[in-house]
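**Student:** the following block contains a protein sequence and its predicted model.
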Amino acid sequence: MNEWFADHLLITYLLIFVFMSYVYNKVFRTRKLPVLKAALIYVLLAIGSVMLLVFQIVGLPIVLCLAVAISLMFMVRIRYFIEKRTGKRPT
């Protein structure tokens, strides 16, 4: 799979950027920022995505690790949804 990502750099870069943006928005963003500050954050995310793209090309499974992180976030969200529907409180 790493070979396919190495052959398709633009798709790999976009996947890394989208995954990082999702993680930022769901984990680290606590309030809505002004437009220029938000633009600066996304520019920095784009620069960080380039760095992670280099790591992906070298052989580290960056895209797969981000996909696992997002899938774990979805599982936690589903768990909270089910607990909210059944009325149980998390312990």
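**Tutor:** That came through, no problem.

**Student:** show me what the one helix or strand residue 14 maps to is in contact with.
**Tutor:** Counting by DSSP states H and E, the element that carries residue 14 is helix 9-23. With contact meaning CB atoms under 8 Å, 6 or more residues apart in numbering, helix 9-23 is reached by 5-6, 42, 45-46, 48-50, 52-53, 56-57, 62-63, 66-67, 69-70, 73. (C-beta placed from N, C-alpha, C; glycine too.)

**Student:** which of those residues are buried? Put it as a PyMOL command.
**Tutor:** Selection of buried members from these for PyMOL, criterion 16 or more other CB atoms under 10 Å:
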select buried, resi 5+49+52+53+56+62+63+66
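
**Student:** what's the offset of the helix holding residue 14 from the middle of its chain?
**Tutor:** 7 Å (CA atoms, centre = their mean, to the nearest Å).

**Student:** again, but for stretch 46-58
**Tutor:** That offset, for stretch 46-58, works out to 13 Å (CA atoms, centre = their mean).

**Student:** and if you look at stretch 29-46?
**Tutor:** 15 Å.

**Student:** list the contacts of whichever helix or strand comes after the helix holding residue 14.
**Tutor:** The helix or strand immediately downstream of helix 9-23 is helix 35-58, counting by DSSP H and E. If you take CB under 8 Å, 6+ apart as the criterion, helix 35-58 is touched by 2, 5-6, 9, 12-13, 16-17, 20-21, 24, 32-33, 62-63.
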